[in-house]
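> Okay, sequence plus prediction incoming.
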Amino acid sequence: MKIESIHAHEILDSRGNPTLNVTVLLKNGVTGSASVPSGASTGTHEALELRDGDKNRYHGKGVLKAAKNVNGKINKLLHGQNVTRQREIDEMMIDLDGTSNKAKLGANAILGVSLACAHAAARAKKMPLYAYLRWAYDIQETKYRLPIPTMNVLNGGAHAGWILDFQEFMVVPTQRKFKERVRCGAEIFHVLGKLLAKRGYSTLKGDEGGYAAPLKKNEDAFKLIMLAIKGAGYTAGKDVFLAMDPAVSEVYDAKSKKYKLRVDKKDLTSEQMITMWEKWLKKYPIISIEDGLDQDDWDGWVELNKRMGSKVTLVGDDFLVTNVERLRKSI
């Protein structure tokens, strides 16, 4: 199962921005392809997504440089390698890049090739991708368990033109069967749409499919969701819980060291942000808060975890960016 060639080309993602599509061809004729995702809001410490920077083409967001790296350096590096040696393949690309944030080859180039190799290997072994990855990393088989869905029903921040300061407001159904959780979320979503329309708000959708409504206050999002849960025939705190990704690094002003909430017309310190989350936690059945403080507010995160860590799941996305060193420091 050796690699014959690797090819990357530029495509457009769901937002109409350029991204990479990578295809790996094996010597036995089997192929595997993958496209690289990207986010509207990302942490400054994340692995570097290599863009061209040519303002005359896709406003600088082209990925021809990353494609060139795949078609040239990475293709040469991995030619003849056994495609099933996933860990070795990834390590070879990381070593070739030689930077801590994958800035030389581009994280999009490395990820695209890694994913395409996994797809090709899975197809060659006639296995579903999840089963192949379990085999490749020698993960012991356990009973299958579907994840609990967290459904983004109201969008704000960079995902919805900043009509709200916070990025994602979610519902978390808790029914025993997965299909009932999906049904619960869908029913709440449609009731929420009717509530918004009745109050004269837009029911247009944001980047992630939630409603993008210009509410008067950020907290109004949870107030409306609570009404929608009740209107759909469910009980908040029993059948359904709430979660949020405020992504507040996007509203943090490093110069003043304050969080500038345009919708609420407030500038808050880290202490005030934590106090606000505590108040919301008492009023609403929130079980998860993602990026509740700025990505570099280390002292604030320590205090946030001290005061709320035992009451709610605190998620670090922009804060940790899947970076081992930042994870070690946070622990």
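Structure received. Because the structure is a prediction, the values reported are computed rather than measured.

> What ranges does the stretch 201-331 of the chain have for its helices?
With DSSP state H, counting those that start in this stretch as the definition, the stretch 201-331 of the chain shows helices at residue ranges 220-231, 270-283, 298-308, 324-330.

> So which residues make contact with the longest one?
Pointing back at helix 270-283 there. 219, 222, 248, 257, 259, 268, 286, 289, 292-294, 297, 299-300, 303-304, 307-308, 311-312 (C-beta atoms under 8 Å, 6 or more residues apart in numbering). For the C-beta atoms, the positions are set from N, CA and C on the backbone; glycine is no exception.

> Return that helix as PDB; C-alpha atoms alone will do.
Output of helix 270-283 as PDB, limited to C-alpha atoms (Å, rounded to 0.1, in the frame of the first residue of the first chain):
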ATOM      1  CA  SER A 270     -12.000  39.600  33.500                       C
ATOM      2  CA  GLU A 271     -13.400  39.600  37.000                       C
ATOM      3  CA  GLN A 272     -16.600  41.200  35.700                       C
ATOM      4  CA  MET A 273     -16.900  38.600  32.900                       C
ATOM      5  CA  ILE A 274     -16.500  35.700  35.400                       C
ATOM      6  CA  THR A 275     -19.200  37.300  37.600                       C
ATOM      7  CA  MET A 276     -21.500  37.600  34.700                       C
ATOM      8  CA  TRP A 277     -21.000  33.900  33.800                       C
ATOM      9  CA  GLU A 278     -21.700  33.000  37.400                       C
ATOM     10  CA  LYS A 279     -25.000  34.900  37.300                       C
ATOM     11  CA  TRP A 280     -26.000  33.200  34.100                       C
ATOM     12  CA  LEU A 281     -25.100  29.900  35.500                       C
ATOM     13  CA  LYS A 282     -27.600  30.500  38.400                       C
ATOM     14  CA  LYS A 283     -30.400  31.600  36.100                       C
END
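
> Need the pLDDT of the spatially closest residue to Glu49 that is not a sequence neighbour.
Spatial nearest neighbour of Glu49, excluding adjacent residues (C-beta to C-beta, 6 or more residues apart in numbering): Asn108 at 4.9 Å. pLDDT, Asn108: 97.

> mind listing what Asn108 touches?
Asn108 makes contacts with 19-20, 36, 38, 49-50, 63, 66, as judged by C-beta under 8 Å, 6+ apart.

> Turn those residues into TSV, columns for secondary structure.
Converted to TSV, the contacts of Asn108 look like this (DSSP: H, G, I helix; E, B strand; the rest coil):
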residue	secondary structure
Thr19	strand
Leu20	strand
Val36	coil
Ser38	coil
Glu49	coil
Leu50	coil
Val63	coil
Ala66	helix
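
> Let me know the closest of those residues to Met244.
Distances from Met244 to the contacts of Asn108, taken as C-beta to C-beta, are shortest for Ser38 (22.1 Å).

> doesn't Lys258 make contact with Thr269?
Yes: in this structure, Thr269 is within contact of Lys258 by C-beta atoms under 8 Å, at 5.9 Å.

> Neighbour count: these two, which is higher?
The neighbour comparison of Thr269 against Lys258 (other C-beta atoms under 10 Å) goes to Lys258, with 17 against 13.

> Give the closest residue to the more buried one in space, chain neighbours not counted.
Nearest residue to Lys258, sequence neighbours excluded (C-beta to C-beta, 6+ apart): Asp267, at 4.4 Å.

> From the contacts of helix 270-283, list the buried ones, please.
Buried subset of the contacts of helix 270-283 (neighbour count, 16 or more other C-beta atoms under 10 Å): 219, 222, 248, 259, 268, 286, 289, 292-294, 297, 300, 304, 308, 312.
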